[in-house]
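*Asks:* Could you look at this predicted model? Sequence included:
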Amino acid sequence: MTLVRALFASPPLILAFVLAPAVQAQSAPDTPIDSPETCALIEDGVQRLACFDSLFSPEQHQAQATEAEKDKARTSADNLAPDEETLKQTGGNALEDDSDTGVMSALLDRYVAAEKAVFSFSGSFVGHRPTYILPVTWVENPNSTPSSPRLGSIGYDYGLAREEAKYQISFKVPLLTGILDNRTTLWFGYTQASFWQVYNQDDSAPFRETNYEPEIFVRYQTDWDIGPGRLNGVTLGINHQSNGQSEPRSRSWNRIMASAAYSYDRWLFMVQPWYRIPEGSNDDNADIERYLGHAYYQLVYKLTEDRTLSLRLMNNLRSDNKTSVEFGYSFPMGDTVKGFFQYYNGYGESLIDYNRRIQRFGIGVMLNDWF
């Protein structure tokens, strides 16, 4: 077992990473707080607001103010806010049909700004990969006898139903910010995908497979204009993925992973190459790269602000060519969630089926889209 696998195999250690505070507190100024000018020098927004509150005691003034004075203050605040026409002229709408190039870059900039705002104020988790629930999926030919070169074949203790539920949760939390400058962040990310035989009531609706994927990576927000588009960011990190089962169903691997994201107009292109860390003679799935290759190739297209198409490809780049494709489409459905359709055809949708071609259709809800 490698050092990386040992690190991520301990649930208490993972929980400590997830629950650890992720925001660096800013030290208070050395000079006494005796003027608005002193407060204005504080960079942190929350501390700056607290400084002004300590000087002017807004709670006391609010308690003493008459209703006429409060109405006057509200009217003044409304007059300071720009009207809708001014906002349109200033910011525009990134998704208008006549918009020029840069739609995707604008959306990514907005996402990164919101991301920073969330963890700057609360240290909360933020979205990593899409989070979705597919209550109904259908598999053409379920793999009832998963196998690997070292562990051989093993059947399930129950018959597999073609219909099952699938869900994925994914989040990340910043561990260190501003390592080199404010564009660089060290992240802890976690993704979990589960496959649930919920309609197999004769066998107590078992969870057929769950894949756990913790990772640590550094992201640098490049924002470099290259050609007609922009290189938005690059990452480098270490990734562990396993199904948490004992032999003979155990599957896992450790990878050093990089990524680059390039946007143009409404398109986002991402490539995520990896190097698999060797595991020696106890490797549960030594031939996994023969089926999954050495990279993910991702494409995201923003139809409208609430409609997104995505496509992920894998190819082993060998003479016995094996291609895997995952297609997703999210669309508006209510005020808080989106509808989501997913189609998968290929290898590696789950680790237990890394060497078996699976074709799946699913429909459900998207809780957290790409951005």
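*Replies:* Yep, it's here.
*Asks:* who does the host helix or strand of residue 365 pair up with?
*Replies:* Assigning secondary structure by DSSP states H and E places residue 365 in strand 358-368. When pairing is defined by DSSP bridges, strand 358-368 lines up against strand 131-139 (antiparallel), strand 337-346 (antiparallel).
*Asks:* Can you lay out the ones you listed as CSV showing mean neighbour count, mean pLDDT and distance to residue 273?
*Replies:* From N, CA and C alone the C-beta is placed, and that goes for glycine too. Shown next, in CSV, are those (neighbours: other CB atoms under 10 Å; pLDDT from 0 to 100; distance: least, CB to CB, whole Å):
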stretch, mean neighbour count, mean pLDDT, distance to residue 273
strand 131-139, 19, 97, 25
strand 337-346, 19, 96, 18
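*Asks:* and of the ones you listed, who's closest to residue 282?
*Replies:* Minimum separation from residue 282 across the strands paired with strand 358-368 (CB to CB) falls at strand 337-346, 27.0 Å.
*Asks:* who's in contact with the closest one?
*Replies:* For strand 337-346, the external contacting residues (CB atoms under 8 Å, 6 or more residues apart in numbering) are 132, 134, 137, 166, 306, 314, 322-333, 357-367, 369.
*Asks:* Could you turn the buried ones of those into a PyMOL selection?
*Replies:* Remark: buried members of the contacts of strand 337-346, expressed as a PyMOL selection using 16 or more other CB atoms under 10 Å:
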select buried, resi 132+134+137+166+314+322+324+326+328+329+330+357+358+360+362+364+365+366+367+369
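*Asks:* sorry, back to before: make TSV from the strands paired with strand 358-368 and add distance to residue 275 to it.
*Replies:* Formatted as TSV, the strands paired with strand 358-368 follow (distance: least, CB to CB, whole Å):
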stretch	distance to residue 275
strand 131-139	28
strand 337-346	21
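*Asks:* Show me what the closest residue to residue 289 other than its chain neighbours is bridged to.
*Replies:* In this structure, residue 289 finds its nearest non-sequential neighbour in residue 276, 6.1 Å apart by CB to CB, 6 or more residues apart in numbering. For residue 276, the beta-bridge partners are residue 255 (DSSP bridges).
*Asks:* Make sure residue 276 is actually in contact with residue 255.
*Replies:* Yes - contact criterion CB atoms under 8 Å: residue 276 and residue 255 qualify, at 5.4 Å.
*Asks:* and the two? which has more neighbours close in?
*Replies:* A side-by-side neighbour count of residue 276 and residue 255, using other CB atoms under 10 Å, places residue 255 first with 20 against 17.
*Asks:* Name the helix or strand of this structure that has the lowest mean pLDDT.
*Replies:* Every helix and strand of the chain was ranked by mean pLDDT, DSSP states H and E. The lowest is helix 11-19, at a mean of 40.
*Asks:* So which residues of the stretch 101-250 of the chain form helices?
*Replies:* Using DSSP state H, counting those that start in this stretch, the helices found in the stretch 101-250 of the chain span residues 103-121.
*Asks:* average pLDDT for the strand holding residue 365?
*Replies:* Strand 358-368 shows a mean pLDDT of 96.
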